[in-house]
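[1] When you get a sec, could you give me coordinates for this:
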Amino acid sequence: MPRLVQVAQRATDFDATTAFYAELLGVQPVATFDPPGLAFFDLDGVRLLMDRGAPGALIYLPVDDIDAAVSGLREKGVEITSEPHVIFGHDDDTLGPAGTDEWMAFFVDPEGTTVGLVEQRPR
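    From the prediction side, this is the model:
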């Protein structure tokens, strides 16, 4: 079965972006190489790489409580571009647990990149 190994996220302001994601994720990078400007976070076996030379990516991060996550980001002055809302419901287990709704919200990180938050909430 194929699996995702790594996602790279642009980090031209390497220190600020790495610190932002460390606080957002609640973990420190597992490895940092500067130069050239690489910081790796382990997200359950998938590496999230902050990379000075990477193009921007749209990543989605899971949260247990999307309303609380958005509120916490807003309190820190992070720009919220889309409030929490239902994207679709899961009638079966194809994309998520059956009987849940997929909630998403979006914000802008220090690089100006949009990031999604995802909560699978029981109906």
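
[2] rest of the way, CA atoms for contacts and neighbours
    Noted.

[3] wait, Asp67 sits on Pro84?
    Yes. Counting by Cα atoms under 8 Å, Asp67 touches Pro84, with 6.7 Å between them.

[4] And the two? Which one has more around it.
    More neighbours surround Pro84 than the other of Asp67 and Pro84, with 19 against 16 (other Cα atoms under 10 Å).

[5] Now do the contacts for that one.
    Ile66, Asp67, Val70, Trp103, Met104, Ala105, Phe106 (Cα atoms under 8 Å, 6 or more residues apart in numbering).

[6] What about those residues, which are in helices?
    Ile66, Asp67, Val70 (DSSP state H).

[7] what's the distance between the last one and Gly89?
    Taking Cα to Cα, to the nearest Å as the measure, Val70 and Gly89 are separated by 21 Å.

[8] returning to that earlier point: now tabulate the ones in helices among the contacts of Pro84 in a markdown table and tack on distance to Phe40 and pLDDT.
    As requested, the ones in helices among the contacts of Pro84 are exported to a markdown table (distance: Cα to Cα, whole Å; pLDDT from 0 to 100):
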| residue | distance to Phe40 | pLDDT |
| --- | --- | --- |
| Ile66 | 24 | 98 |
| Asp67 | 27 | 98 |
| Val70 | 24 | 98 |
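
[9] Of these, which is the nearest to Asp15?
    Val70 (22.9 Å; Cα to Cα).
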